[in-house]
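Enquirer: My questions are about this predicted structure, shown below with the sequence.
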Protein chains: 2
Amino acid sequence: MELLKQKILDEGTALSDTVLKVDHFLNHQIDPLLMKEIGTAFKERFEDRGITKILTLESSGIAPSVMTGLELGIPVIFARKRQSLTLNEGLLTADVFSYTKNESNTIAIAEKFISPDDEVLIIDDFLANGEAAKGLLELVEQTEASVTGIGIVIEKAFQEGGEILRTAGYDVHSLARIASLTEGEITFMSGVEV
Amino acid sequence: MELLKQKILDEGTALSDTVLKVDHFLNHQIDPLLMKEIGTAFKERFEDRGITKILTLESSGIAPSVMTGLELGIPVIFARKRQSLTLNEGLLTADVFSYTKNESNTIAIAEKFISPDDEVLIIDDFLANGEAAKGLLELVEQTEASVTGIGIVIEKAFQEGGEILRTAGYDVHSLARIASLTEGEITFMSGVEV
């Protein structure tokens, strides 16, 4: 997705060989027009696949997911990283280790929102080691619904998450695939988007 | 906003005299089309006011804010409830006590995203005691920007937040104002929406 790649080059910062800061438009300040374009891109890739629900993770997955949900005309469920008083029964949980934050979080969804006949599109802002995606897959597995696809805004293709998920047979579509962040330079994978 | 009120009646649950559960469409599962209508409603109320930024709080404020930002053509900043590795310098913070969760959170934004000449619209999913709104106001105050308005999806008008903010001179626009949740029954304030 050219608009996204240009935005990453213009406003993103490679903080280290593994950390890309995109707080100007994705995970702190949000560019709503870019989110709409992201929604359109995911729609183009995943429409006509019978998807009935989008599952994402708070907080940075919410904006791209809601725009995709609007395009596809389906609800979005966001997994929570901690419990709230008004969300305390019928929970499904999974543990997610974050290498960026060096901590483990339990993520949770209410069981009632995904049924066995749902076709689920998982969306997240980043794919790196694949820990968050694996946690979301584990939640869907407990509902006995099907995972139809995985939509990622930015994939760090030099980390193993994408390969693990594709090898496992999942249809992973990343809108921007980073080949390297070495020495502060952001390089994208060449070739066709997957 | 009639669509929202109907949704609250159809899918909301009064868990107690003070707690309204709306996880079917706002703060766990999200209805993207409803969010779009909410964005349109806030646009109608706040357009032509020179607003340059929307400020909200993760996670449930993000969806209505992004739709409003799309309608107004301006960026959204969401305050975080805890720090992340890629967001650690130039932070402005405020403390917010949550009566629902009975805990205090430090909320934070990066200073660079709001400048003194910004006109800020604060958006949140709920207004009850006004603690979250006061925290967001405190963040904006530190940037020396102006708060042009406060947009609330659901106001619990039987709690004091709305009165405190309006008495302080803020232009608070709530799309649904709950008069009472007594005995499991959801009653709205009568009269014109404010």
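Expert: Great, that's in hand.

Enquirer: now the angle between helix B:62-72 and the helix or strand containing residue A:64, please.
Expert: Secondary-structure assignment from DSSP states H and E places residue A:64 in helix A:62-72. Angle of helix A:62-72 versus helix B:62-72, following axes from the mean of the first three to the mean of the last three C-alpha atoms, to 10 degrees, is 70 degrees.

Enquirer: following helix A:62-72, which helix or strand comes up?
Expert: Taking DSSP H and E, what comes next after helix A:62-72 is strand A:76-79.

Enquirer: That next one: partners in the sheet, and parallel or antiparallel?
Expert: strand A:53-57 (parallel), strand B:29-30 (antiparallel) (DSSP bridges).

Enquirer: now that strand: how far from the chain's centre is it?
Expert: 11 Å (C-alpha atoms, centre = their mean, to the nearest Å).

Enquirer: that older thread, mind checking which of the strands paired with strand A:76-79 is nearest residue B:126?
Expert: strand B:29-30 (14.6 Å; C-beta to C-beta). For glycine as for every other residue, the C-beta is placed from the backbone atoms N, C-alpha and C.

Enquirer: average model confidence for the longest helix seen in chain A?
Expert: When chain A is parsed with DSSP state H, its longest helix is helix A:32-46. Helix A:32-46 shows a mean pLDDT of 98.

Enquirer: Report the buried residues of that helix.
Expert: A:32-39, A:41-43, A:45-46 (16 or more other C-beta atoms under 10 Å in any protein chain shown).

Enquirer: Kindly reformat these as CSV and extend each row with distance to chain B.
Expert: Below are the buried residues of helix A:32-46 laid out as CSV (distance: C-beta to the nearest C-beta, whole Å):
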residue, distance to chain B
A:32, 4
A:33, 7
A:34, 10
A:35, 6
A:36, 6
A:37, 11
A:38, 11
A:39, 9
A:41, 16
A:42, 12
A:43, 12
A:45, 18
A:46, 15
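
Enquirer: near chain B at all, stretch A:103-123?
Expert: Yes: interface with chain B: stretch A:103-123 contributes A:109-110, A:113 (C-beta under 8 Å from any C-beta of the partner chain).

Enquirer: Tell me the buried residues in that stretch?
Expert: Quick answer for stretch A:103-123 (16+ other C-beta under 10 Å): A:105, A:107-110, A:113-114, A:118-123.

Enquirer: ends of it, how far apart?
Expert: 21 Å (C-alpha to C-alpha, to the nearest Å).

Enquirer: sorry, back to before: can the helix holding residue A:64 be found next to chain B?
Expert: Yes: against chain B, helix A:62-72 shows contacts by C-beta under 8 Å from any C-beta at A:62-63, A:65-67, A:69-70.

Enquirer: what's the closest of the residues you listed to residue A:142?
Expert: residue A:65 (19.9 Å).

Enquirer: who does the closest residue to the closest one other than its chain neighbours bridge with?
Expert: Nearest residue to residue A:65 in three dimensions, chain neighbours excluded: residue A:56, at 4.1 Å (C-beta to C-beta, 6 or more residues apart in numbering or on different chains). Beta bridges link residue A:56 to residue A:78, judged by DSSP bridges.
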